[in-house]
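1. Sequence first, then the predicted structure:
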Amino acid sequence: MSRKASENVEYTLRSLSSLMGERRRKQQEPDAASAAGECSLLAAAESSTSLQSAGAGGGVGDLERAARRQFQQDETPAFVYVVAVFSALGGFLFGYDTGVVSGAMLLLKRQLSLDALWQELLVSSTVGAAAVSALAGGALNGVFGRRAAILLASALFTAGSAVLAAANNKETLLAGRLVVGLGIGIASMTVPVYIAEVSPPNLRGRLVTINTLFITGGQFFASVVDGAFSYLQKDGWRYMLGLAAIPAVIQFFGFLFLPESPRWLIQKGQTQKARRILSQMRGNQTIDEEYDSIKNNIEEEEKEVGSAGPVICRMLSYPPTRRALIVGCGLQMFQQLSGINTIMYYSATILQMSGVEDDRLAIWLASVTAFTNFIFTLAGVWLVEKVGRRKLTFGSLAGTTVALIILALGFVLSAQVSPRITFQPITPSGQNATCTSYSYCNECMLDPDCGFCYKMNKSTVIDSSCVPVNKASTNEAAWGRCENETKFKTEDIFWAYNFCPTPYSWTALLGLILYLVFFAPGMGPMPWTVNSEIYPLWARSTGNACSSGINWIFNVLVSLTFLHTAEYLTYYGAFFLYAGFAAVGLLFIYGCLPETKGKKLEEIESLFDNRLCTCGTSDSDEGRYIEYIRVKGSNYHLSDNDASDVE
Ligand SMILES: O[C@H]1[C@H](O)[C@@H](O)[C@H](O)[C@@H](O)[C@H]1O
């Protein structure tokens with residue numbers, strides 16, 4: 001059946017107002033309803049006859065009910081899930097490669113005698129490279145498509161992991177970490193866009209959020225691998241860093257067989273191929289309406305915004321995309337400013353403060369932290385289509401702010417009861433005497449060069465001193481009673497690096513757990529999910545490149561400055577600062593983040609027609625929606641090609 005013929009048996013029911021092309025009209029006659037946002041339901045049914053008879057016999061109500069029943073029976077083909085999972089392997093590699101390095105570094109620094117500068121270089125080079133390639137990934141996506149970008153990212157992951165596993169010196173390691181970073185940046189901006197573009201609107205939030213689930217899954221898996229290989233003192237790091245090649249190769253070969261995004265293909269004029277892929281992705285559901293809407297949208301956009309000049313300039317001079325860009329970049333910035341990566345990175349320290357003295361146990365417990373992040377991201381996958389993006393992000397950040405305050409208070413209490421230094425050993429000649437000049441443990445703990453050496457009498461700290469840390473291993477002191485780890489442990493002497501023994505450490509532990517419980521379902525995934533849907537097609541790659549770049553830039557800034565911030569402001573000062581940022585983020589989300597749940601990508605642009613920061617003042621979306629039920633006689637089949645589709 002040709003497309004035109006199928007339109008004859010098409011029944012379209014629109015209630016409240018029409019959907020497509022509506023945005024344009026609204027601009028001329030702005031109305032309050034548009035500010036509140038609209039929610040659409042597109043229902044497609046296989047058989048028109050049953051519906052027509054329902055319509056004839058029972059009126060619109062029956063027809064609606066029949067269409068809805070039919071719609072609910074329509075199944076999303078498994079293919080969409082396969083595509084989403086294969087793409088999300090990019091998220092897994094992002095999480096794995098950023099997470100695994102802390103454990104690998106413990107072994108590497110000993111084996112290759114790395115000084116602090118090289119350690120920092122190896123950790124932050126990846127994040128820096130990710131920032132650069134995320135920004136450059138916009139052009140790559142626009143010109144070569146999403147599939148090519150994902151293939152490139154998995155090739156980079158594979159090559160980088162192989163170089164890291166085989167490295168024999170620090171320079172090669174640096175090269176490997178840079179290559180992996182380039183892969184992370186491209187994957188981080190492309191995967192959410194690709195998943196959003198192939199998903200049906202009712203599942204889009206959930207499928208894109210799966211990518212963040214895979215990021216946190218990768219971080220958790222990395223922490224387990226770190227724990228397991230930490231027993232293999234020689235070359236354990238090769239396995240830790242090289243293992244990433246396995247999912248990277250799987251993704252590369254998988255994507256050789258997976259399709260390009262139909263939206264990108266339509267934009268490039270490859271309409272036949274786009275229809276075929278869209279049809280494959282939607283199974284027994286009609287694709288004509290979706291196809292037409294994407295195509296009309298591209299044409300309208302081109303008329304309105306033009307296609308001359310760099311995309312970023314067009315985005316900035318066109319108010320809806322400028323506003324979307326501010327919202328997208330703001331969300332990514334606040335995600336990082338609320339301190340997630342310092343929490344992840346320093347969780348072992350926080351756990352040690354809570355009384356876990358054994359280093360290895362702390363590493364294993366850090367994987368419990370990563371697991372909490374992972375499990376609660378799963379809650380986000382479930383919640384995103386239930387409560388929507390706006391409420392989920394707002395609630396999550398509100399809880400995160402409270403958790404940060406509790407965490408900071410934990411450090412305040414610990415500092416207040418910080419043990420006094422009672423024993424001042426004589427500094428050997430030629431050694432730095434700064435550590436021995438401190439009077440309290442909390443001063444000692446904030447100096448990265450010093451550690452606290454003490455004994456316990458029941459629950460009281462006695463005979464305590466502050467001495468320089470051994471640069472090669474933070475598990476022991478450079479000299480004195482705590483110099484030899486194996487020896488001092490048999491003598492009931494304790495060594496605390498970066499923490500102080502305190503009875504209030506449970507408050508910090510409570511704060512840490514609450515932080516992850518609140519952060520993971522909302523603030524973790526939503527910045528990625530929302531960014532994948534708020535830009536029109538012509539601006540999508542560039543918008544996501546900018547916002548992902550912002551995410552990586554703030555990631556580097558926050559994690560690199562944490563220790564210095566703690567030195568100047570103390571630990572609790574640093575966490576109060578993050579709580580302050582999070583509170584500003586709350587105002588931003590309340591004012592500026594519209595609800596995108598259930599909308600087609602082509603409708604979302606209209607949410608940014610109004611002045612920025614009016615979301616909180618407009619009516620709630622709840623209970624107001626446009627329902628658009630379309631019933632077709634048949635789906636598009638490959639044989640349906642008609643000449644009008646050939647361009
Ligand atoms: O969304 C992710 C996730 O929350 C990760 O746990 C975090 O390490 C990343 O920086 C963030 O972008």
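-> Perfect, thanks for sending it.
2. Counting neighbours, what do you get for residue 170?
-> Residue 170 is flanked by 17 other residues according to other C-beta atoms under 10 Å. All C-beta atoms are positioned from the backbone trio N, CA, C, and that covers glycine.
3. Would you mind measuring the gap between the ends of stretch 229-242?
-> Across its full length, stretch 229-242 reaches 12 Å between end residues, using C-alpha to C-alpha, to the nearest Å.
4. mean confidence score for it?
-> The predicted model gives stretch 229-242 an average pLDDT of 90.
5. in that stretch, what's buried?
-> 229, 230, 236, 237, 238, 240, 241, 242 (16 or more other C-beta atoms under 10 Å).
6. Can you pull out the residues in contact with that stretch?
-> Counting contacts by C-beta atoms under 8 Å, 6 or more residues apart in numbering, the residues outside stretch 229-242 that touch it are 100-101, 103-108, 110-111, 161-162, 164-167, 176, 222, 225-226, 360, 363.
7. and the residue lying closest to residue 508 once chain neighbours are set aside, what does it touch?
-> Excluding the flanking residues, the one nearest residue 508 by C-beta to C-beta, 6 or more residues apart in numbering is residue 410, at 3.4 Å. Neighbour list for residue 410: 504, 505, 506, 507, 508, 509, 510, 511, 572 [criterion: C-beta under 8 Å, 6+ apart].
8. Which pair of the buried residues of stretch 229-242 spans the longest distance?
-> By the measure C-beta to C-beta, the buried residues of stretch 229-242 have their two most distant members at 230 and 242, which lie 15.7 Å apart.
9. Please name the residues that touch residue 173.
-> For residue 173, the set of contacting residues under the criterion of C-beta under 8 Å, 6+ apart consists of 108, 112, 122, 164, 167.
10. no wait, residue 574
-> By C-beta under 8 Å, 6+ apart, the contact list for residue 574 reads 339, 342, 562, 565, 566.
11. For the last one, identify the helix or strand it belongs to.
-> So that's residue 566. Remark: residue 566 resides in helix 537-592, with elements defined by DSSP states H and E.
12. just checking, next helix/strand downstream of that helix?
-> Sequence-wise, the next helix or strand downstream of helix 537-592 (DSSP H and E) is helix 601-604.
13. which helices and strands sit right next to that following helix?
-> For helix 601-604, the elements it packs on are helix 288-305, judged by 3 or more C-beta pairs under 8 Å, 6 or more residues apart in numbering; DSSP states H and E.
14. Which residue is the nearest non-sequential neighbour of residue 132?
-> Skipping the residues right next to it in sequence, residue 132 comes nearest to residue 185 by C-beta to C-beta, 6+ apart, at 6.6 Å.
15. Quickly note the distance from that neighbour to the ligand.
-> When distance is defined by C-beta to the nearest ligand atom, to the nearest Å, residue 185 is 12 Å away from the ligand.
16. And for that residue, the neighbour number?
-> Using other C-beta under 10 Å as the criterion, residue 185 is surrounded by 30 other residues.
17. And for the closest residue to residue 322 other than its chain neighbours, the neighbour number?
-> The spatially closest residue to residue 322, leaving aside those adjacent along the chain, is residue 316, at 5.3 Å (C-beta to C-beta, 6+ apart). A count of neighbours around residue 316, defined by other C-beta under 10 Å, yields 13.
18. Equivalent analysis for residue 560, please.
-> For residue 560, the count of nearby residues is 15 (other C-beta under 10 Å).
19. List the contacts of the closest residue to the ligand within the chain.
-> Here the chain gets closest to the ligand at one residue, residue 524, 3.3 Å apart by C-beta to the nearest ligand atom. For residue 524, the contacting residues are 212, 216, 335, 340, 373, 377, 380, 396, by C-beta under 8 Å, 6+ apart.
20. Can you tell me the SS state at it?
-> Applying DSSP: H, G, I helix; E, B strand; the rest coil to residue 524 yields a three-state assignment of coil.
21. Could you do the one 4 residues further on as well?
-> Judged by three-state DSSP, the three-state class of residue 528 is helix.
22. Give me the local confidence score for the residue lying closest to it once chain neighbours are set aside.
-> By the measure of C-beta to C-beta, 6+ apart, the closest residue to residue 528 outside its immediate chain neighbours is residue 192, 4.8 Å from it. pLDDT, residue 192: 95.
23. if I look at the residue nearest to residue 132, how far off is residue 327?
-> Per C-beta to C-beta, to the nearest Å, residue 185 is found 21 Å from residue 327.
24. thinking residue 274 is in contact with residue 266, fair?
-> Yes: if you go by C-beta atoms under 8 Å, residue 274 and residue 266 touch, sitting 4.6 Å apart.
25. neighbour count winner among the two?
-> Regarding residue 274 and residue 266, a neighbour count based on other C-beta under 10 Å identifies residue 274 as having more, with 25 against 22.
26. Rounded mean pLDDT for the helix or strand harbouring that one, please.
-> Element membership of residue 274 [criterion: DSSP H and E] is helix 271-282. Helix 271-282 shows a mean pLDDT of 91.
27. cool, stretch 216-226 as well?
-> 95.
28. Would you mark the buried spots in it?
-> If you call a residue buried by 16+ other C-beta under 10 Å, then stretch 216-226 has these buried ones: 216, 217, 218, 219, 220, 221, 222, 223, 225, 226.
29. Nearest residue to the second one in space, please, no chain neighbours.
-> Which is residue 217. If the residues on either side of it in the chain are set aside, residue 217 comes closest to residue 374, at 5.3 Å by C-beta to C-beta, 6+ apart.
30. Return the residues of the stretch 451-600 of the chain in contact with the ligand.
-> 524, 525, 551, 555 (C-beta under 6 Å from any ligand atom).
31. right, and the last one touches residue 341 too?
-> This means residue 555. Yes: distance between residue 555 and residue 341: 5.8 Å, which falls inside the contact criterion (C-beta under 8 Å).
32. hang on, isn't residue 290 packed against residue 279?
-> No: using C-beta under 8 Å, residue 290 is not in contact with residue 279, being 10.0 Å away.
33. Can you dump the C-alpha atoms of stretch 178-196 in CSV for me?
-> Once side chains and other backbone atoms are set aside, the C-alpha atoms of stretch 178-196 remain, and they are given as CSV (Å, rounded to 0.1, in the frame of the first residue of the first chain):
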residue,chain,number,x,y,z
LEU,A,178,45.3,10.8,26.4
VAL,A,179,43.9,8.5,23.7
VAL,A,180,41.4,7.0,26.1
GLY,A,181,40.4,10.5,27.2
LEU,A,182,39.7,11.4,23.5
GLY,A,183,37.4,8.4,23.3
ILE,A,184,35.6,9.3,26.5
GLY,A,185,34.9,12.8,25.4
ILE,A,186,33.4,11.7,22.0
ALA,A,187,31.4,8.9,23.6
SER,A,188,30.1,11.2,26.4
MET,A,189,28.5,13.7,23.9
THR,A,190,27.4,11.3,21.2
VAL,A,191,25.9,8.3,23.0
PRO,A,192,23.0,10.3,24.7
VAL,A,193,22.2,12.1,21.4
TYR,A,194,22.2,8.8,19.4
ILE,A,195,20.0,7.0,21.9
ALA,A,196,17.6,10.0,22.2
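34. what's the spacing between it and its chain's center?
-> In this view, stretch 178-196 has its centroid 11 Å away from the chain centroid, taken as C-alpha atoms, centre = their mean, to the nearest Å.
35. again, but for stretch 150-157
-> Mean-position distance between stretch 150-157 and its chain equals 19 Å (C-alpha atoms, centre = their mean).
36. mind listing what's buried in that stretch?
-> Within stretch 150-157, judged by 16+ other C-beta under 10 Å, the buried ones are 150, 151, 152, 153, 154, 155, 156, 157.
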